[in-house]
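Asks: Sequence and computational prediction follow.
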Amino acid sequence: MKMIPKHPPRIIVGISGASGAIYGVRALEHLSRLGVETHLVITRSAHLTIAQELDMRPTDLEEKASVVHNAKDIGATIASGSFQTLGMLIAPCSVRTMSEIATGVTSTLISRAADVVLKERRRLVLMLRETPLHLGHLRTMTSVTEMGAIIMPPVPALYTRPATIDEMVDYTVGRALDLFGIDMGGMPRWQGISQEMQKQDAP
């Protein structure tokens, strides 16, 4: 009997032009460390944001991914549902990218790959970066949620008492990877209110 080789776990990582490119970068770094095969798509606007926020060249970022796909390449492997993945993380996700996904307007590979993930009933996590939100944003968020996506704004968890921005980013990325069943390891998790705090709050 011929054995069919199994591929390593795969995940698509999209980086849009919204502020917060560090979330996508850090996700790539942790996924690489965990042995997860990453397929990266970067929008044209994201290249500008990455240069502004991180002083990184496109090649610096691309080296962190297993495979890099051109955002214009609609014929890429990740544009087909037959290409098996755990799903897709868009970090950060701009409102424009979210809106394309919600309406099915797949003008680039990032929105096409997200559309494929949804139709295959795989996990799609959108780290939406926008505030404050108007009614149109909220309705679009509702629409993609009803389609099966998860909206996960990168809101820092302060109960962990992060001492640095890096700690805040890592925790948020770790929570996003949790949604794919990937344990980043070393991440502080809620252990309940401490006994000392409960005593202070006692009547």
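Replies: Good, I have the coordinates.

Asks: any chance you could map the helices in the chain?
Replies: Under the criterion DSSP state H, helices of the chain are mapped to 21-33, 44-54, 58-62, 95-103, 109-119, 135-147, 165-178, 195-201.

Asks: lowest-confidence stretch among those?
Replies: If these are sorted by mean pLDDT, helix 195-201 sits at the bottom with a mean of 61.

Asks: Report the contact partners of Val105.
Replies: Val105 is in contact with Ser99, Ser111, counting by Cβ atoms under 8 Å, 6 or more residues apart in numbering. Bear in mind the C-beta positions are built from the backbone N, C-alpha and C, glycine included.

Asks: Skipping adjacent residues, who's closest to the residue nearest the centre of the chain in space?
Replies: Centroid check for the chain by Cα atoms, centre = their mean gives Leu89 as the closest residue, at 2.9 Å. Among residues not flanking Leu89 along the chain, Val125 sits closest, at 4.9 Å (Cβ to Cβ, 6 or more residues apart in numbering).

Asks: what about that neighbour, neighbour count?
Replies: 24 (other Cβ atoms under 10 Å).

Asks: For it, list the residues it contacts.
Replies: For Val125, the contact set (Cβ under 8 Å, 6+ apart) comprises Gly87, Met88, Leu89, Ile90, Ala91, Ala149, Ile150, Met152, Ala176, Leu179, Phe180.

Asks: give me that answer again for 10 Å
Replies: 11, 27, 87-91, 93, 117, 149-152, 175-180 (Cβ atoms under 10 Å, 6 or more residues apart in numbering).
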